[in-house]
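Q: could you look at this predicted model? Sequence included:
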Amino acid sequence: MSALRFLLILLLSAIHSQLSFARPRPKAREVFKFSVDESQIKSLTERELLEILGEGGLSPEYMKINSSNVFTHVDRNQGQACKSVEVVEDLSEDYFPRYVKNVVCVDTGNTCKPSDGSFSCFKTTIVKHVLKKEDRYVLQHEDESGKIEYYDRWRRHDIEIGVGCECSN
């Protein structure tokens, strides 16, 4: 009985391995962008880009996807002598998220105490991840039926964002 069971298991595993080899597997690889007709390159959706960016990647206080989105308000420099202004930078359509709010310090000379010039305003920053569209490569994807599609290739890129100003010497 155990010999028959062994043969049955061997036969089933052989059938399974042949079935898994017979099925084409999806393939993806990088190819040079110049070798592909631009009209064939598909854009990824906002949701797909957010998945690539990863959890915690989008900070609504400092980043937004569309110009019509609103930044989450942040109180900064409460009770500080340093003044700051917020500047919204458009990184271009080659970045995701596209819009970044950057805090710039406005040092009027004697705003920090003591006002003898030994202290001045310095920008505090954080490093955030954004996605940058590759200009040399696209992603070629072959599905199970053999159909080939091309997608923009995005890579994580670190940027430094000004988030406030403080007095320091």
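A: Everything's here; your move. Numbers count the residues shown, from 1 in each chain.

Q: run a quick neighbour tally on the residue lying closest to residue 53 once chain neighbours are set aside.
A: Of all residues not flanking residue 53 in the chain, residue 131 sits nearest, at 5.7 Å (C-beta to C-beta, 6 or more residues apart in numbering). (Each C-beta comes from the backbone N, C-alpha and C, glycine too.) Residue 131 has 22 neighbours, counted by other C-beta atoms under 10 Å.

Q: ok, and for the strand or helix carrying residue 131, which residues are buried?
A: Assigned by DSSP states H and E, residue 131 belongs to strand 120-142. Applying a neighbour-count criterion of 16 or more other C-beta atoms under 10 Å, one finds 120-124, 128-133, 137-140 buried in strand 120-142.

Q: residues near the nearest residue to residue 124 once chain neighbours are set aside, how many?
A: Of all residues beyond its chain neighbours, the one nearest residue 124 is residue 164 (4.6 Å), with distances taken as C-beta to C-beta, 6+ apart. Around residue 164 there are 18 other residues, counting by other C-beta under 10 Å.

Q: spell out the residue ranges of the strands in the protein.
A: In the chain, the strands defined using DSSP state E lie at 27-32, 41-42, 63-64, 83-90, 95-96, 99-106, 120-142, 148-168.

Q: the ones you listed: which one's closest to residue 57?
A: strand 120-142 (5.2 Å; C-beta to C-beta).

Q: from the chain's centre, how far out does the closest one sit?
A: 6 Å (C-alpha atoms, centre = their mean, to the nearest Å).

Q: and that strand, what does it pack against?
A: strand 27-32, helix 46-53, strand 95-96, strand 99-106, strand 148-168 (3 or more C-beta pairs under 8 Å, 6 or more residues apart in numbering; DSSP states H and E).

Q: buried sites along the last one?
A: Residues of strand 148-168 classed as buried: 150-154, 159, 161-167 (neighbour count, 16+ other C-beta under 10 Å).
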